[in-house]
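Student: okay, here's the prediction I keep looking at, along with the sequence it came from:
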Protein chains: 2
Amino acid sequence: MDDILEETEIVRIILRVLGQPKPPFAPIGDDVAMMSYGNKSLVMKTDMFVGSTDLPPGMNLFHAARKTVVMCVSDFAAKGIRPTAAMISLGLKRPIHKNDIVQLAKGFRAAAKEFGLSIIGGDTNESNDLVIDCAMFGFGRRPILRSGAKPGDIVIVTGPFGYTSLGLHILLENPKTVTNSKLTAFERECKNLVLLPRPQLALGLALTKAKLLNASMDSSDGLALSLWELAERSNVEINIVRPPETEETRSYAEKYGLGLEEVVFHGGEEYEIVATLPPENWERARKIAQRLDSNLIPIGKVVKGSPTVRRITHDRSWTLEKRGWTHFSRHSADC
Amino acid sequence: MDDILEETEIVRIILRVLGQPKPPFAPIGDDVAMMSYGNKSLVMKTDMFVGSTDLPPGMNLFHAARKTVVMCVSDFAAKGIRPTAAMISLGLKRPIHKNDIVQLAKGFRAAAKEFGLSIIGGDTNESNDLVIDCAMFGFGRRPILRSGAKPGDIVIVTGPFGYTSLGLHILLENPKTVTNSKLTAFERECKNLVLLPRPQLALGLALTKAKLLNASMDSSDGLALSLWELAERSNVEINIVRPPETEETRSYAEKYGLGLEEVVFHGGEEYEIVATLPPENWERARKIAQRLDSNLIPIGKVVKGSPTVRRITHDRSWTLEKRGWTHFSRHSADC
């Protein structure tokens, strides 16, 4: 049993030994690490990409390098903090070809340009697995926490969910014949979101600058886990009445016998923002999203109650399972 | 040939694609990354420990975790910057036992306490190799660079060299029977320096605070490479007249047929400071070291000339080979 420790259990064990950091540092457990000084914050995040678990067929080293930066950027987006710079640590498997290094470097360059940050240092090593670790920092006022959701808030997401699960399904089903010409436009979009994920940095910064959000987090562990996390940290109940699914997701899931709710709620690797805001802020938020040509989808609301996530349809309701894609348990490996 | 890319070549390729970061960031190439704001600096460092290459027999997970933090602390020590906090990314190999996590956490806790820093966040992942990545930051005035050595300066180191090479030799020779009782006091010290390296944080901070150093760097890539690096970055010649060897190093090397100069100059993993200072600062520096019960050993001097490192004895002189222990070439694997 010892070898099926889940990520959350590992973190719990480490925190039990280490204890939580004390002020001026924020406790461990939000999307990012934080240090306050005066009325400002230094915000930091580290995220690791591992070849043996994170590199599906069809993803090359350019994609992997860019995605590692995206993984951090998405957390900054959810907190409303502009990332300033990043350091990259590499673990490289022999044989190490010059072209592989060039591909990695081009991925970092693309990400740096796209998100307006600098790569300012790093470390290279030999290892038995491809490892790309990104440590990012930025400065800001007060980051939006996971714990600020209030009864009455609307729950929003910044895009439809399930596309990356389907994209992974497409890449895993038949990696060799997946050329763009054989895919529908929707399938291409799903595949592209796996290879070239788009974190919601501009939208996250704009919504935060306008002070519209009460709580916010990145959704990369899956929608269900993100909603549970918001509910538990904010000590509220969340009711989901309109899952962020699309007609295309529905037909694809049906065609391949995949559970639609499974795909939408328990997939993962969506680099969207899940947030809550007071109803009176909705119209302004919607306009900001429109101006940025971005999605903002209301999916439910926050109510008083013990921390839980309820899924509510026109004729029934149930508690949404608290599980998602995690590195150590991989519940979603079947989708 | 492609698979024997050395670490320096990999960094060169990456920098060719990425370009150097622009102000307020320092160019990549010193011990740490830096961002200046006003007359202050935010200093950062990331360093990765990899199980398959960095974990000799006899080193457990407590040692590995603590050492990863030490690897960063040593760079801060050489720059004269007090580390504030660190984030840790883990890549863990299955099976993952609870006790392994506890050992890692205890290693981080020990290091945090020892060097007065906080662990404020991190990331855990599954991988095919043990990976511990530490991203550390701290604040300060102006860090001491590698490029400040001036003709006339004395070259100093903060301890004898070669002990860790010999410690590794001891651990690799006969790992199963290496119990402390069978080792001499010197051999125990060598072994301990591999398992529980001691970076020179207090000394580095004190020498910097007193503004005594012109140039400084961490020596973990080996003494020869560190001296070459100082010479090249400062555009000076360095003459080494008194290698930091001890009588014990000499006898051990002789006993086992190891080249003494090889062990002292081309080993590595010594977490000492290699620095230069004007002769008029020597006496104050010596007293500071004495007060801290630390070593400060003059080993040569800086002279005008094209960037090179000369080894000078009473009857001959030669250019010190520019090589050391590196992850990708492992010249020192024989010692």
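Tutor: Alright, I've got the coordinates.
Student: got the domain ranges for chain A?
Tutor: Listed by automatic domain parsing, the domain ranges of chain A are A:31-140, A:154-334.
Student: and among the ones you listed, the most buried is which?
Tutor: Here the criterion is mean neighbour count by mean count of other CB atoms under 10 Å in any protein chain shown, and of the domains of chain A the winner is domain A:31-140, at a mean of 22. Just so you know, the C-beta spots here come from the backbone N, C-alpha and C atoms, and that holds for glycine as well.
Student: so the nearest residue to residue A:190 once chain neighbours are set aside: helix, strand or coil?
Tutor: Leaving aside its chain neighbours, residue A:190 sits nearest to residue A:167 (3.6 Å; criterion: CB to CB, 6 or more residues apart in numbering or on different chains). Under DSSP: H, G, I helix; E, B strand; the rest coil, the three-state class of residue A:167 is helix.
Student: cool, and residue A:137?
Tutor: Secondary structure assignment for residue A:137 (three-state DSSP): strand.
Student: quick test: name the residue nearest the centre of chain A.
Tutor: Centroid-nearest residue in chain A: residue A:220, 2.4 Å away (criterion: CA atoms, centre = their mean).
Student: that one looks like it's in a helix, true?
Tutor: No - assigned with three-state DSSP, residue A:220 falls outside any helix and is coil.
Student: hang on, it packs against residue A:267?
Tutor: No - applying CB atoms under 8 Å as the test, residue A:220 and residue A:267 come out as separate, 10.3 Å apart.
Student: what average pLDDT does whichever strand or helix holds residue A:74 get?
Tutor: In the assignment (DSSP states H and E), residue A:74 maps to helix A:61-79. Over the span of helix A:61-79, the pLDDT mean works out to 98.
Student: whatever helix or strand comes next after it pairs with which strands?
Tutor: Of the helices and strands lying after helix A:61-79 in sequence (DSSP H and E), the nearest is strand A:83-92. Strand A:83-92 has its sheet partners listed here by DSSP bridges as strand A:118-126 (parallel), strand A:131-140 (antiparallel).
Student: so residue A:143, which of the three states?
Tutor: What three-state DSSP gives for residue A:143 is coil.
Student: using the three-state scheme, assign the closest residue in space to residue A:228 that isn't next to it in sequence.
Tutor: Closest residue to residue A:228 apart from its sequence neighbours, by CB to CB, 6+ apart: residue A:322 at 4.7 Å. At residue A:322 the chain is in coil, as set by three-state DSSP.
Student: related to what we said a few turns ago, what residues are up against the residue nearest to residue A:190?
Tutor: For residue A:167, the contact set (CB atoms under 8 Å, 6 or more residues apart in numbering or on different chains) comprises A:190-195.
Student: point me to the helix or strand that includes the closest residue to residue A:75 other than its chain neighbours.
Tutor: Excluding the flanking residues, the one nearest residue A:75 by CB to CB, 6+ apart is residue A:31, at 4.1 Å. Assigned by DSSP H and E, residue A:31 falls within no helix or strand.
Student: quick one on the thing from earlier: how much space between the residue nearest to residue A:228 and residue A:229?
Tutor: Applying CB to CB, to the nearest Å, the value for residue A:322 to residue A:229 is 9 Å.
Student: what is the end-to-end distance of stretch A:240-247?
Tutor: Start and end residues of stretch A:240-247 are separated by 18 Å (CA to CA, to the nearest Å).
Student: contacts for it, please.
Tutor: Stretch A:240-247 is contacted from outside by A:155, A:157, A:159-162, A:223, A:227, A:260-261, A:264-265, A:297-301, A:309-313, A:320, using CB under 8 Å, 6+ apart.
Student: cross the residues you listed against strands and list the overlap.
Tutor: Among these, DSSP state E puts A:155, A:157, A:297-301, A:309-312 in strands.
Student: and the two most separated of the residues you listed?
Tutor: Maximum pairwise distance in the ones in strands among the contacts of stretch A:240-247, criterion CB to CB, is 18.3 Å, between A:297 and A:310.
Student: show me where pLDDT drops low in chain A?
Tutor: A:1-4, A:174-180, A:325-335 (pLDDT under 70).
Student: 50 instead, please
Tutor: A:1-2, A:326-335 (pLDDT under 50).
Student: let's verify the closest residue to residue A:61 other than its chain neighbours: helix, strand, or coil?
Tutor: In this structure, residue A:61 finds its nearest non-sequential neighbour in residue A:103, 4.0 Å apart by CB to CB, 6+ apart. With three-state DSSP as the basis, residue A:103 sits in helix.
Student: find the closest residue to chain B in the stretch 151-300 of chain A.
Tutor: Relative to chain B, the nearest point of the stretch 151-300 of chain A is residue A:220 (11.3 Å; CB to the nearest CB).
Student: what's near enough to touch that residue?
Tutor: Counting by CB under 8 Å, 6+ apart, residue A:220 touches A:71, A:74, A:268-271.
Student: at 10 Å what do you get?
Tutor: Shown in contact with residue A:220 (CB atoms under 10 Å, 6 or more residues apart in numbering or on different chains): A:31, A:47, A:70-71, A:74-75, A:78, A:164, A:197, A:199, A:226, A:268-272, A:324-325.
Student: residue B:211 versus residue A:143, what's the distance?
Tutor: Between residue A:143 and residue B:211 the computed distance is 37 Å (CB to CB).
Student: before we move on, what about residue A:322?
Tutor: From residue A:322 across to residue B:211, the span is 56 Å (CB to CB).
Student: tell me the phi and psi of residue A:17?
Tutor: When read as degrees, to the nearest 10, the backbone of residue A:17 gives phi -80, psi -50.
Student: what residues are up against the residue lying closest to it once chain neighbours are set aside?
Tutor: Among residues not flanking residue A:17 along the chain, residue B:105 sits closest, at 3.5 Å (CB to CB, 6+ apart). Residues near residue B:105 by CB under 10 Å, 6+ apart: A:10, A:13-19, B:61-62, B:65, B:88, B:119.
Student: next one: residue A:121
Tutor: Taking CB under 10 Å, 6+ apart, we find residue A:121 in contact with A:85-89, A:135, B:21, B:25-34, B:44-46, B:135.
Student: identify the residue nearest it in space, chain neighbours excluded?
Tutor: For residue A:121, the closest residue by CB to CB, 6+ apart turns out to be residue B:33, at 3.2 Å.
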